[in-house]
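**Student:** Provide a 3D model corresponding to the input given below.
(one chain, ligands or ions: 1)
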Amino acid sequence: MGSSFGALFCVTTFGESHGPGLGVVIDGCPPRLALDLAQIQAELDRRRPGQSRLVSQRKEADQVEILSGVLDGVTLGTPIAMLIRNADARSKDYDEVSRAYRPSHADYTYDAKYGIRAIAGGGRSSARETAGRVAAGAVAQQLLATRGVSIVAWVDEVHGIAAAVDDAKVTRADVDVNDIRCPDPVAAAAMIERVEQARKDGDSVGGVIRVVARGVPAGWGEPVFDKLEADLAKAMMSIPAVKGVENGAGFAATRMTGSEHNDLFHRRDDGTIGTRTNRSGGIQGGISNGEPVTLRIAFKPTATIMRPQDTVDRDGNPTVLTPKGRHDPCVLPRAVPIVEAMVALVLADHALRQAARGIVG
Ligand SMILES: Cc1cc2nc3c(=O)[nH]c(=O)nc-3n(C[C@H](O)[C@H](O)[C@H](O)COP(=O)(O)O)c2cc1C
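**Tutor:** Numbering: from 1, shown residues only. This next block holds a predicted model:
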């Protein structure tokens, strides 16, 4: 239970962090979609560890193998299974964790729920599980591209250091120019310094990722329980270390009046209806309104820090935990492609749901 997502573009991820491999099965991808397989690998490369000094130094090639559902680069309409084998799993780094619960990680809750857990690497609570999502998200992004939809995410804030980024203009090329994945060069330099400092201190920091989906037509989203923002919020909150999500003006709207917040309608030059501002973040009544869909996603500081911390073992005996292993002092740079992938999965699902109503758009 809980490993599948989406109604019509349905993905199921499988695999543990230190098992033989992990991956995803996509059921419901339409047939005859020409896939750029190199693009799937490129997205996985953006997520993998070891890309820079700012992230975990685990050495994983994250080479994707497509086992089914694709023939000569074209989807068959049958389940697409993608496998990523684990290569650099060092289980001995987790000897300490086998006795002690890592504070603010998932060791205690997995034990409480299942009574058994794959200790090494955190099993499925590890962000390694998201490799399958990123592979599926790359397929979803290619499906969405045929409908004129594109998605860009970037690191907008690290430990209170905020970037100034124009979400109308930012491109993926702007984002990937530096290791922190922030298109504001001044803020990026300060963020990198902050993460380096945290790493030297054996500590960690969190922050905010912002994402914009452009080209989403008016009409996607299924009231009332599958509202577009409800499904997006679920998708974002399912990413490890995410603790908050805002759509449009989000919490800032609580400090505005209606006259300050309302998005006024107008007729665009092409004759379609638009809004002059986009504080609604592209969604009203759970349905896209044709403006860019915007979200801000809050990530907590990495739970595993290289400092001794008081905790307890499985029997409740007090102990001190000093973790070993390779951890991300800040998860945000690697989370950028994960956010894009999860937004793509939601939008691809809602594109197919709207098409299933017999309304093309
Ligand atoms: C890209 C990415 C990398 C992560 N790397 C680590 C890590 O190296 N060490 C760690 O303790 N947590 C890491 N996390 C977060 C944990 O997986 C997460 O905090 C843990 O599963 C508990 O879940 P929760 O924080 O959502 O409650 C990472 C998360 C993401 C998105």
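**Student:** tell me the contacts of the residue nearest to Val216 when sequence neighbours are not counted?
**Tutor:** Take Val216 and drop its neighbours on the chain: the residue closest to it by Cβ to Cβ, 6 or more residues apart in numbering is Ser288, 4.7 Å away. Backbone N, C-alpha and C define where each C-beta goes, glycine included. Residues counted as contacts of Ser288 (Cβ atoms under 8 Å, 6 or more residues apart in numbering) are 216-221, 228, 282, 350.
**Student:** over to Val242: give its phi and psi.
**Tutor:** Dihedral pair for Val242: phi -80, psi 130, per degrees, to the nearest 10.
**Student:** okay, it and Arg296: tell me how far apart.
**Tutor:** 11 Å (Cβ to Cβ, to the nearest Å).
**Student:** what about Glu340, which SS state?
**Tutor:** Counting by DSSP: H, G, I helix; E, B strand; the rest coil, the backbone at Glu340 sits in helix.
**Student:** what pLDDT is listed against it?
**Tutor:** Reading off the confidence values, Glu340 has pLDDT 98.
**Student:** which residues touch it?
**Tutor:** Counted by Cβ under 8 Å, 6+ apart, Glu340 has contacts 43, 137, 141, 151-153, 211.
**Student:** show me those that map onto helices.
**Tutor:** Applying DSSP state H to the contacts of Glu340, the entries found in helices are 43, 137, 141.
**Student:** any idea how many residues pack against the first one?
**Tutor:** Other residues within reach of Glu43 by the criterion other Cβ atoms under 10 Å amount to 24.
**Student:** pretty sure it is touching Ala138, no?
**Tutor:** Yes - contact criterion Cβ atoms under 8 Å: Glu43 and Ala138 qualify, at 4.2 Å.
**Student:** overlap in contacts of those two?
**Tutor:** With contacts taken as Cβ under 8 Å, 6+ apart, Glu43 and Ala138 have Ala341 as neighbours in common.
**Student:** which residues in the stretch 51-200 of the chain form strands?
**Tutor:** Remark: strands assigned in the stretch 51-200 of the chain by DSSP state E, counting those that start in this stretch are 64-68, 70-71, 74-75, 80-85, 150-158, 161-162.
**Student:** quick one: the first one to strand 80-85, angle?
**Tutor:** Put plainly, it is strand 64-68. Angle of strand 64-68 versus strand 80-85, following axes from the mean of the first three to the mean of the last three Cα atoms, to 10 degrees, is 140 degrees.
**Student:** give the pairing partners of strand 64-68; include direction for each.
**Tutor:** strand 80-85 (antiparallel) (DSSP bridges).
**Student:** CA atoms only for the partner strand - export them in PDB, please.
**Tutor:** Output of strand 80-85 as PDB, limited to C-alpha atoms (Å, rounded to 0.1, in the frame of the first residue of the first chain):
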ATOM      1  CA  ILE A  80       6.800   0.700 -18.800                       C
ATOM      2  CA  ALA A  81       9.200  -0.900 -16.300                       C
ATOM      3  CA  MET A  82      12.400   0.900 -15.500                       C
ATOM      4  CA  LEU A  83      15.200  -0.500 -13.300                       C
ATOM      5  CA  ILE A  84      18.100   1.300 -11.600                       C
ATOM      6  CA  ARG A  85      20.600  -1.100 -10.000                       C
END
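**Student:** which outside residues touch it?
**Tutor:** By Cβ under 8 Å, 6+ apart, strand 80-85 touches 15, 20-26, 29, 40, 44, 62-70, 131-132, 135-136, 139.
**Student:** which bits of the stretch 51-200 of the chain sit near the ligand?
**Tutor:** 56, 105-106, 125-127 (Cβ under 6 Å from any ligand atom).
**Student:** returning to what we had before: now, among the contacts of Ser288, which is nearest to the ligand?
**Tutor:** Ranked by distance to the ligand (Cβ to the nearest ligand atom), the contacts of Ser288 are led by Leu228 at 22.7 Å.
**Student:** hmm, Gly285 and that closest one touching each other?
**Tutor:** No - in terms of Cβ under 8 Å, Leu228 does not count as a neighbour of Gly285; the distance is 9.4 Å.
**Student:** so between those two, which is more surrounded?
**Tutor:** Shown here are Leu228 and Gly285; by other Cβ under 10 Å, Leu228 has more neighbours (27 against 13).
**Student:** that older thread, list buried residues within the contacts of strand 80-85.
**Tutor:** 15, 22-26, 29, 40, 44, 62, 64, 66, 69-70, 131-132, 135-136, 139 (16 or more other Cβ atoms under 10 Å).
**Student:** find the least confident helix or strand in this protein, judged by mean pLDDT.
**Tutor:** Ranked by mean pLDDT, DSSP states H and E, the weakest helix or strand in the chain is helix 95-99, scoring a mean of 65.
**Student:** give me the pLDDT for the residue in the stretch 51-200 of the chain that the ligand sits nearest to.
**Tutor:** In the stretch 51-200 of the chain, the residue that lies nearest the ligand is Ala127 (3.4 Å; Cβ to the nearest ligand atom). What the model reports for Ala127 is a pLDDT of 94.
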